[in-house]
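In: missing the sequence, but the structure's below:
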């Protein structure tokens, strides 16, 4: 993938290298040569491989105009995003050589997924879950691949709040749901780049109606996050493979459901038990042997 020099943090880094102290030059060259690793691995791991002090990565970032390593890392991740015209093929890389090439790709992907989860803000999710607990009704919207995340969250929440949770556009024309948003309700919109126009329309309708808008997105600059009361960020672009990662979005969805249930106390548990009893009566699950 080619990134224009105008917007590339790597270009900024390379331009600044000659004026940096010798040790920071070494760290800078390491980052420039391993920009993918810089977006997927922890600063401690990078420092160990580079033979440097982890603090040197922070000093490097500040030396070239960033507030710290996290800001530079975010810029590197953003620069790796493909153009809207080729959001998936632009991520594709040539197949590695060697007998373990496939295993290496899987290992890199699993490591990148695992590295991204700790960077999700638990405090932000807890705040959003409290908003869901207080909401009179919860609307959930996710399109294309994000539909799976929306459906999972809808399913988990409806286990204990069946009358108050609804997927946008399921019961009829979507515009009728957008017109039904009200203050005191919560609207969750899930998306990553490239963002769908439908997700932006839902977010704008929620904002215009005065509902609490919760955006689950890969960037604070996501168009469906504009004006949101809560923005829950996950990493989509840093994982290798032709398709962005939804692992973080799924973790956020399940965390929202878990905390919302916990906040519901005995009433939520009673509704969950009623749901379980109905499922058992309908023989929904295969009976265990023994």
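Out: Here it is on my side, so go on. Fair warning: this is a prediction, and the values are worked out from it, not measured in the lab.
In: residues of stretch 117-126 that come out buried?
Out: Across stretch 117-126, burial judged by 16 or more other CB atoms under 10 Å covers 120, 125. For the C-beta atoms, the positions are set from N, CA and C on the backbone; glycine is no exception.
In: likewise stretch 146-158?
Out: Within stretch 146-158, the residues that qualify as buried are 146, 149, 150, 152, 153, 154, 156, 157, 158, counting by 16+ other CB under 10 Å.
In: which outside residues touch it?
Out: 132, 138, 140-142, 165-167, 188, 190-192, 199, 216, 246, 249-250, 253-254, 256-257, 260-261 (CB atoms under 8 Å, 6 or more residues apart in numbering).
In: Go ahead and build a PyMOL selection from the buried members of these.
Out: If you want just the buried ones from these in PyMOL, going by 16+ other CB under 10 Å, the selection is:
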select buried, resi 132+138+140+141+142+165+166+167+188+190+191+192+199+216+246+249+250+253+256+257+260+261
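In: Now intersect the contacts of stretch 146-158 with the strands, please.
Out: Among the contacts of stretch 146-158, the members falling in strands (DSSP state E) are 138, 140, 141, 142, 165, 166, 167, 188, 190, 191, 216.
In: Quick one: the strands in the stretch 151-290 of the chain, in order.
Out: Using DSSP state E, counting those that start in this stretch, the strands found in the stretch 151-290 of the chain span residues 165-167, 186-191, 212-217, 230-233.
In: for these, which one sits closest to residue 49?
Out: The closest of the strands of the stretch 151-290 of the chain to residue 49 is strand 230-233. By CB to CB, the value is 26.4 Å.
In: Run the chain-centre distance for the closest one.
Out: 9 Å (CA atoms, centre = their mean, to the nearest Å).
In: Report the strands that pair with it, each with its relative direction.
Out: With DSSP bridges as the test, strand 230-233 is paired with strand 212-217 (parallel).
In: ok, residues contacting the strand it pairs with?
Out: 128, 131-132, 135, 149, 185-192, 203, 206-207, 222, 224-225, 227-234, 249, 252-253.
In: pLDDT on that strand, on average?
Out: The average pLDDT within strand 212-217 is 96.
In: can you check stretch 167-187 too?
Out: Averaged over stretch 167-187, pLDDT sits at 91.
In: show me what contacts the closest residue to residue 66 other than its chain neighbours?
Out: Once flanking residues are discounted, residue 66 sits nearest to residue 72: 4.4 Å by CB to CB, 6 or more residues apart in numbering. Listed by CB under 8 Å, 6+ apart, the contact partners of residue 72 are 9, 60, 61, 64, 66.
In: let's go with 7 Å and repeat that
Out: 9, 61, 66 (CB atoms under 7 Å, 6 or more residues apart in numbering).
In: before we move on, what about residue 144?
Out: residue 196.
In: what residue is smack in the middle of the protein?
Out: Centroid-nearest residue in the chain: residue 234, 2.1 Å away (criterion: CA atoms, centre = their mean).
In: any idea how far residue 248 is from that one?
Out: Per CB to CB, to the nearest Å, residue 234 is found 3 Å from residue 248.
In: where do the contact lists of these two overlap?
Out: Going by CB under 7 Å, 6+ apart, residues that sit against residue 234 and also against residue 248 are residue 120.
In: And the closest residue to residue 117 other than its chain neighbours, how far from residue 73?
Out: Closest residue to residue 117 apart from its sequence neighbours, by CB to CB, 6+ apart: residue 251 at 5.8 Å. When distance is defined by CB to CB, residue 251 is 20 Å away from residue 73.
In: Repeat that for residue 289.
Out: Per CB to CB, residue 289 is found 50 Å from residue 73.
In: neighbour-wise, which of those two wins?
Out: Under the neighbour definition other CB atoms under 10 Å, residue 289 and residue 73 were set side by side, and residue 73 has more, 24 against 4.
In: a helix runs through the more buried one, doesn't it?
Out: Yes: Residue 73: assigned to a helix according to DSSP: H, G, I helix; E, B strand; the rest coil.
In: mind checking pLDDT for it?
Out: For residue 73, the pLDDT comes out at 86.
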